[in-house]
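>>> curious how this folds, go ahead:
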Amino acid sequence: MLGSLLPTMLVILFAIVVISALFARYAAKTIVQPINALDLENPLGNATYDELAPLLTGMERQRREIVSRITALSEKQREFTAVTENMREGFILLDANDRMLAVNGSAAQTFGADTKNVIGSHVLMLNRSVAIQQALEQAKQEGAGQSTLIRGAKTYQVLASQVLDHHAAAGTVILILDITDRVAAEQMRREFSANVSHELKTPLTSILGYAEIMRDGVAKPEDTRRFAGKIHSEASQLMSLIEDIIRLSQLDEKTALPEMIPVDLKAICEDVCQRLVPQAEKAGVTLHVNCEPASVRGIPKVLEEIVQNLVENAIKYNTSNGTVGVSLKRSGQRVELHVSDTGIGIPEEHLSRVFERFYRVDRSRNKQIVGTGLGLSIVKHSADILGATVALESKVGIGTAVTVSFPAIDLR
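Residues are numbered from 1 along each chain as shown. This is a model prediction of the structure:
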């Protein structure tokens, strides 16, 4: 009996299983459909089972927290980018494997790279210089490192600092500082100190030599007056040098300078040239003065120094039977002082340095010419203070011309 019913029971059981599976699938779809349709961007705005309310409330809280953190991170990223992109210094941030996480515009420009193309690459792909490698190695060993990088005419200081996270190395920050001007200023300072020492030592040595001869009674009575004259001449040269150095220092620091006032530049030019006529005649140089009425805003003493230094140089570095031309004219909104000579001229390769302190084109010849070697430097500094520009043109064997252009003023 049971054996005859078994096939029927198995068929019924199989039918029940199939029907149950189909019903379960349908029920699951019906139950899951509202869940699949949930708007995760707005969990509390969904109309679904009450049983899901705690879950949706938690999701909304989590969503808000995630949005808040993302907003905070985005704001920090914007601040970080704003700071680094507005830095004049180059900035590079590396991970623990020396791969670049951030490179600002200054660093990219320094190394001629595209920021987007180097992010994620090793720092040596940006620059393989020994300076970068030295700074990195020193930072890893000592926590901070520095080196000097030279690229073309530019000099950079590379500063590297290790970033620690719970006493473990997490990365490195590299700063690239342009120190070209500082290096040039330091070089000029060294040259200036060396030149001052030399220029002071030369007349002092001469003075001491003549003084020792006179002190020891070696000089003949008829030579004593001549030696005293030499001592006086060298001492005067030394005093002129010291006065010029002090004057340059005042111009550098802009100290002890009176307020600028309207000045009749024509009167100053004519007065200075008149005083220098005897010096020109002694040198066999003819002085031609052609000044139109012109006024500028400036400091009378400083303007007088500019004119005097230019005209004196034109006389000193001229040739016998040469001429010096001094002209003053108004050109638009500028007043131009032009001093030219028919002297020895300056080679083209020296033109860019003639305004440096103590710079001499031909030291062997300049030893025969009395002067401190600071005249043109004083002219340049004085012109800068008065808002004027200085231009110099020269050809060897033809002569030199210097033009100082001042802002004009109208006294009417």
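>>> centre-most residue in the chain?
Closest residue to the average C-alpha location of the chain: D181 at 5.4 Å, with Cα atoms, centre = their mean.
>>> on the pLDDT front, check the residue lying closest to G343 once chain neighbours are set aside for me.
Among residues not flanking G343 along the chain, N318 sits closest, at 4.0 Å (Cβ to Cβ, 6 or more residues apart in numbering). To be clear about C-beta, it is placed using only N, CA and C from the backbone, and glycine gets the same treatment. Listed pLDDT for N318 reads 89.
>>> how much space is there between N318 and G143?
Note on N318: its distance to G143, by Cβ to Cβ, to the nearest Å, is 63 Å.
>>> between those two, which one's more packed in?
Neighbour totals were compared for N318 and G143, and N318 leads with 22 against 12 (other Cβ atoms under 10 Å).
>>> in the stretch 1-150 of the chain, which spans are helices?
2-36, 53-85, 105-111, 115-118, 130-142 (DSSP state H, counting those that start in this stretch).
>>> report the distance from the longest one to the chain centre.
Here the centre of mass of C-alpha atoms in helix 2-36, compared against the chain's by Cα atoms, centre = their mean, to the nearest Å, lies 84 Å away.
>>> next, the angle from it to helix 53-85.
Orientation of helix 2-36 against helix 53-85 (axes from the mean of the first three to the mean of the last three Cα atoms, to 10 degrees) gives an angle of 40 degrees.
>>> buried sites along helix 2-36?
The neighbour-count check on helix 2-36 (16 or more other Cβ atoms under 10 Å) flags nothing as buried.
>>> quick check: mean pLDDT of that helix?
74.
>>> swap in stretch 291-306?
For stretch 291-306, the per-residue pLDDT averages 89.
>>> could you point out which element follows the helix or strand bottoming out on mean pLDDT in the chain?
Lowest mean confidence among the helices and strands of the chain (mean pLDDT, DSSP states H and E): helix 363-366, at a mean of 47. Note on helix 363-366: by DSSP states H and E, the next helix or strand toward the C-terminus is helix 375-385.
>>> parallel or antiparallel, list what pairs with the helix or strand that that next one is followed by.
Per DSSP H and E, the first helix or strand lying C-terminal to helix 375-385 is strand 389-395. Note on strand 389-395: by DSSP bridges, its sheet partners are strand 399-407 (antiparallel).
>>> list the contacts of the strand it pairs with.
265, 296-298, 306, 310, 314, 317-318, 322, 331, 333-343, 345-346, 379, 383, 386-394 (Cβ atoms under 8 Å, 6 or more residues apart in numbering).
>>> 7 Å instead?
Applying Cβ atoms under 7 Å, 6 or more residues apart in numbering, the external contacts of strand 399-407 come out as 296, 306, 310, 333-343, 345-346, 383, 386-394.
>>> from these, which would you call buried?
Buried, going by 16+ other Cβ under 10 Å: 296, 306, 310, 335-343, 345-346, 383, 386, 388, 390, 392, 394, out of the contacts of strand 399-407.
>>> among these, which lie within helices?
306, 310, 383 (DSSP state H).
>>> neighbours of A185, how many?
For A185, using other Cβ under 10 Å, the count is 11.
>>> re earlier: what secondary structure does the residue nearest to G343 sit in?
coil (DSSP: H, G, I helix; E, B strand; the rest coil).
>>> list the contacts of it.
So N318 contacts 283, 285, 324, 341-343 (Cβ under 7 Å, 6+ apart).
>>> recalculate using a threshold of 6 Å.
285, 341, 343 (Cβ atoms under 6 Å, 6 or more residues apart in numbering).
>>> kindly report the same for P293.
K266.
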